Structures are given as structure tokens and as C-alpha cells.
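> Kindly return the folded structure for what I paste below:
(chains A and B)
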Amino acid sequence: MTTSEPGAASANREPVFTLFACCIPVQGARRSVVCDLQRQSFQFIPNGLYEILSEHAGKTVAEIKAIYGHEYDEEIDEYFAFLLHHEFGFWSSDPERFPALDLAWETPERITNAILDVDEGSRHDYGAILRQLDDLGCKALEVRCFHRCSLRELRAILEAARHGRLRSIDLLAGHGPELTPDALEGLAREHPRISRIVVHSAPERRQMPPLRTGVTIEYRTEVIDSPRCCGQIHPGYFVVDFETFAEGQKHNTCLNRKLSVDARGEIKNCPSMTRSFGNVREVSLHSALAQRDFAALWSINKDQIAICRDCEFRYVCTDCRAYLRDAADLYSKPSKCTYDPYTAEWQPPADVPAGIHTKGAPE
Amino acid sequence: MGDERKTLFERLSPEARQLAPVSYRFLHASPTRVATIMRLVDSRPYRAGGYVCVSFRKPISKCCRQDDDL
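Residues are numbered from 1 along each chain as shown, chains lettered A, B, ... in the order given. Next up, the predicted model:
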């Protein structure tokens, strides 16, 4: 080995703590998190540890302890023990060999995901809509049926998607006598693109064990009868993975590359929004997408949104731009988010949001 | 044809199913190696499935309230 090779000079160097590239700290107002994008999990850390990992990255423990005047030596040792325990990093004399991940986000698809809303009054031409989504490269579709559904209706939608390029289909359907666990399992076997089925307005809550193929079937008592039910923000909707984290750096994690067709056929960014880019019976999805403003909201990222920009969950949260705390301000916090990053507490919802009712709940 | 339709994990021998993925073997030197290896082995069917078909992980819409009792 010559001295010009990397690592040659490292033998005598004090090791420094190096985070695995997939373990990325994110600072919040009151606390921070380390997102483990490979294991799809996160751990809370104090902001003091965030400071050590960011401002003092590449320094030895002795140097870090000296920076803090040896006032926190014990805590610093605990911090590194914590990081090792959770396998967020390792000691290395050659940290330059482990560069950070490139968080640039690119995708070849013009549209990556779509929502198709259906109610009793819908007159969708499923074949035409699915063909157009296919042309746009759409890889994931959620079909939301707000009414009591029959298997025949669901099959008609799924048949239209049978030969396309979609990779996953989520179904949300109103409970009806035909939607038994056995029937839905059969449906998932007939259509392997189904990845999740949620039956709303069910008489009781049931979570079926995941099928061998990973498909989940869930019965919920909530009545989800309109797009107004959407926009929930809670940890169940956090996504800790590389793709979402990278997308969230520069793009909106809900609306980016999304296209929606509401129950009346109006083409929108999101069915909860009022702005329509034309009716799917008259305007092609391609033409709607080509309209100047269609992609305007795609680039609103969490670093631009008030309050969210101080939240440690900002790159794992999937946001909402339809229901805002200040309806006149596109850069305000989602109104259905009850997390306060300044106190690091989730508040109980003030009231049941419009459009959501629970069967049997008192008025 | 039938064999091709199986997931990668199902095609592994019983012994191979117990092995940690090669890229993680360096963790044998870690103090938490046993827990780590077992977690990786436990999650292998899921990850093996992931190699075959990458699913879309982001929620497309967010209509369901938080689960408290599931």
C-alpha cells in the first residue's frame, strides 16, 4: 500500500464515530431522531446528541469531550453506547471511506401514484382511466369506494387493471354483506396486485392476519364516506424508507407525482381539493397533467411549511396540503396534525374531524 | 414454472433460511450480534419478498385514524 492510497495514514489515527450512511439524524425543535432508512425505523435522540453528530462529526471522543469542557463526559459516553446499541454506526479510523448517501430523488414515471374515488353516483370508465394511468407510468393506485360495495363492483375495477403496469392496488370499500374475509382473500388471490384491503363502516374492528403474499385485510368501524376523511397525520402514516426520505428533501411527500380522479370524474391533485383540471370524460389525464399549474404543489416540501420545518418527523411524515391550519396559506401546517414539535407532544384531537363518524358514538 | 412462481425465500433450503444475509455477517463482531442476526433471520421472508416485487410503501391517501387497540 502506498501512502497515497486512502486509509494508509489512518493506522495511527484515533477512531471517530461514523454513522451508517442509511442512519440519518434529523433535528427537531425539542428533540431529534435518527432515521434508520434500511431497517425502516427511528429512535429519538436529544438535541445535544444531534449537535455531536452534525457539528462535531469527524471528531474523536476526546476532542468532543474537550469541546464541552469535560462537563458532560459521562453523557457523551452514554450517547455513543446508545448509538452502538442501536447499530446506528461504528468506530472508524477512515471515515472518509463512508460518504453520505446521495439524497437526490428522481423517478422515470410521470405519475407514481393515483387515487380513484367511487361512490354510488360514479359513472367511471375504468378501462379508459386505467389505460391512461398506465401510459403515465403509474405504479400504485388506491381505489376508495365510499359506499357499500359489492364484489361485482370491485371485480369490475380490478379487471380493468389486470393487464396494466400497476404494481400495487389498495382498496378501501364500504362494508357490505358480500365482503367477508374469505371473499376478500379470494379477490386478493385473483388479483395479485392488491396489496391492502380496508373495509370501512364495518360493524366491528377486525385485523386479519396478513396473507402469505403479504396482503393485509382490515375491517374498521369508521365511516369513510367522503374525501373529507382524508388528511390524517399520525405515526401510523409515517414512512421511514430511503425513497420517501429522499423525496421529502425537495418534494411534497403526499402530492408529488400524484393524480386523482374524484367520484364525479374531476381530475385533481387530490380529491379533497377544489381545483379541477377537467373531467376525465372530456379531458385526458395527459392533458390535465400538462396544464401549467398541475405540478405547482409538488415541490412544497416540509422545510418550507411553518411548524413542520421544526418537526423531527418532517422527512418521514407524508403531509397533507388539502386540510390546512390556515386555509389561505399553502405553507401552513396540516390541520389534522396534533403534534407540537415545540413541546414534543401529541395532543388529543380537539374534535372529530368533519366527515368522520364512528358507528354507535354519542352525538 | 411452478418453482419460478415461488418466492425467493421459499426456494431456499431449510439451512439457508437460517443464515443471515451475507452483507450482514460482519455484524458477528458486534456485541449485539445475536439479537441482530436473529432479527434479520426473522425478517428474511419479508425482505426476500421485497427483492421480487417492490411495493409502494407510502400511503396514497390517509383516511384512517390512528389505531389504539390493534
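> Would you mind finding the longest strand in chain A?
strand A:140-148 (DSSP state E).
> anything in that one near chain B?
Yes. For strand A:140-148, a contact with chain B is found by C-beta under 8 Å from any C-beta of the partner chain, at A:Ala140, A:Leu141, A:Glu142, A:Arg144. Heads up, the C-betas are built off the backbone N, CA and C, glycines and all.
> Neighbour-wise, give me the winner out of those residues.
A:Arg144 (28 neighbours; other C-beta atoms under 10 Å in any protein chain shown).
> From A:Ser272, how far out is it?
11 Å (C-beta to C-beta, to the nearest Å).
> Find the residues that touch each one of the two.
A:Pro227 (C-beta atoms under 8 Å, 6 or more residues apart in numbering or on different chains).
> doesn't A:Thr213 make contact with A:Pro192?
Yes. Applying C-beta atoms under 8 Å as the test, A:Pro192 and A:Thr213 come out as touching, 6.8 Å apart.
> tell me what the helix with the most length in chain A is packed against?
Identified as the longest helix of chain A according to DSSP state H is helix A:73-85. For helix A:73-85, the packing partners by 3 or more C-beta pairs under 8 Å, 6 or more residues apart in numbering or on different chains; DSSP states H and E come out as strand A:16-19, helix A:47-54, helix A:61-67.
> Quick check, central residue of chain A?
A:Thr318 (3.9 Å; C-alpha atoms, centre = their mean).
> Could you list which residues are in contact with the spatially closest residue to it that is not a sequence neighbour?
Leaving aside its chain neighbours, A:Thr318 sits nearest to A:Thr253 (4.8 Å; criterion: C-beta to C-beta, 6 or more residues apart in numbering or on different chains). With contact taken as C-beta under 8 Å, 6+ apart, A:Thr253 is in contact with A:Val239, A:Thr244, A:Glu247, A:Lys302, A:Cys317, A:Thr318, A:Asp319, B:Lys58.
> how does it look with 7 Å?
Residues in contact with A:Thr253 (C-beta atoms under 7 Å, 6 or more residues apart in numbering or on different chains) are A:Thr244, A:Glu247, A:Thr318, A:Asp319, B:Lys58.
> ditto for A:Tyr68
No contacts exist for A:Tyr68 under C-beta under 7 Å, 6+ apart.
> and if you look at A:Glu185?
A:Glu185 neighbours (C-beta under 7 Å, 6+ apart): A:Leu211, A:Ile217.
> next helix or strand past the helix or strand hosting it?
Using DSSP states H and E, A:Glu185 falls within helix A:181-190. Following helix A:181-190 in sequence order, the next helix or strand is strand A:194-200 (DSSP H and E).
> Can you tell me the strand partners of the next helix or strand along the chain from that next one and which way each runs?
Later in the chain than strand A:194-200, the nearest helix or strand by DSSP H and E is strand A:206-207. Here strand A:206-207 has these sheet partners by DSSP bridges: strand A:216-219 (antiparallel).
> The partner strand - what's its average pLDDT?
Averaging pLDDT along strand A:216-219 gives 94.
> And for residue 13, the neighbour number?
All of this is about chain A. For A:Arg13, the count of nearby residues is 13 (other C-beta under 10 Å).
> Please refer instead to chain B.
8.
> How about A:Arg281?
13.
> and what of the one 5 residues further on?
Under the neighbour criterion other C-beta under 10 Å, A:His286 is assigned a count of 12.
> what's the answer for A:Tyr342, then?
12.
> next one: A:Glu87
A:Glu87: 20 neighbours (other C-beta under 10 Å).
> Quickly find the element holding it.
Per DSSP H and E, there is no helix or strand for A:Glu87.
> Dihedrals phi and psi, it?
phi 60, psi 40 (degrees, to the nearest 10).
> Show the pLDDT at it.
According to the predicted model, the pLDDT of A:Glu87 comes to 93.
> same check, this time on A:Pro209
89.
> Ok, A:Phe146 next?
Reading off the model, A:Phe146 has pLDDT 97.
> Who are the contact partners of it?
A:Asp117, A:Asp119, A:Gly174, A:Ile224, A:Asp225, A:Ser226, A:Ala263.
> at 8 Å what do you get?
Counting by C-beta under 8 Å, 6+ apart, A:Phe146 touches A:Asp117, A:Val118, A:Asp119, A:Gly174, A:Ile224, A:Asp225, A:Ser226, A:Ala263.
> if you go through chain A in chain order, where are the helices?
Under DSSP H, chain A gives helices at A:47-54, A:61-67, A:73-85, A:126-135, A:151-160, A:181-190, A:242-250, A:285-290.
> can you list the ones you listed in JSON lines and add distance to A:Pro99?
What follows is the helices of chain A, written out as JSON lines (distance: least, C-beta to C-beta, whole Å):
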{"stretch": "helix A:47-54", "distance to A:Pro99": "16"}
{"stretch": "helix A:61-67", "distance to A:Pro99": "21"}
{"stretch": "helix A:73-85", "distance to A:Pro99": "19"}
{"stretch": "helix A:126-135", "distance to A:Pro99": "38"}
{"stretch": "helix A:151-160", "distance to A:Pro99": "45"}
{"stretch": "helix A:181-190", "distance to A:Pro99": "42"}
{"stretch": "helix A:242-250", "distance to A:Pro99": "15"}
{"stretch": "helix A:285-290", "distance to A:Pro99": "36"}
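> Tell me which of those helices lies nearest to A:Leu103.
The closest of the helices of chain A to A:Leu103 is helix A:242-250. By C-beta to C-beta, the value is 4.6 Å.
> Quick check: mean pLDDT of that closest one?
Helix A:242-250 comes out at a mean pLDDT of 95.
> Distance from the chain centre to it, please.
Using C-alpha atoms, centre = their mean, to the nearest Å, the mean C-alpha position of helix A:242-250 is found 9 Å from that of the whole chain.
> That one and chain B in contact?
Yes. Residues of helix A:242-250 are located near chain B by C-beta under 8 Å from any C-beta, namely A:Glu243, A:Thr244.
> And the residue of the stretch 251-363 of chain A closest to chain B?
Proximity of the stretch 251-363 of chain A to chain B (C-beta to the nearest C-beta) peaks at A:Thr318, 5.7 Å away.
> Surely that residue and A:Phe238 touch.
Yes. Counting by C-beta under 8 Å, A:Phe238 is a contact partner of A:Thr318 at 7.3 Å.
> Mind listing residues that contact stretch A:230-242?
A:22, A:35-38, A:40-42, A:101, A:253, A:270-272, A:313, A:316-320, A:322-323, A:334-339, A:346, A:353, B:57-59, B:61-67.
> interface residues of the stretch 201-350 of chain A facing chain B?
A:205, A:207, A:213-214, A:220, A:222, A:224, A:229-237, A:239, A:241, A:243-244, A:253-254, A:258, A:318, A:320.
> Pull out the buried residues from the residues you listed.
A:214, A:220, A:222, A:224, A:229-234, A:237, A:239, A:241, A:243-244, A:253-254, A:258, A:318, A:320 (16 or more other C-beta atoms under 10 Å in any protein chain shown).
> Alright, that wraps it up for me.
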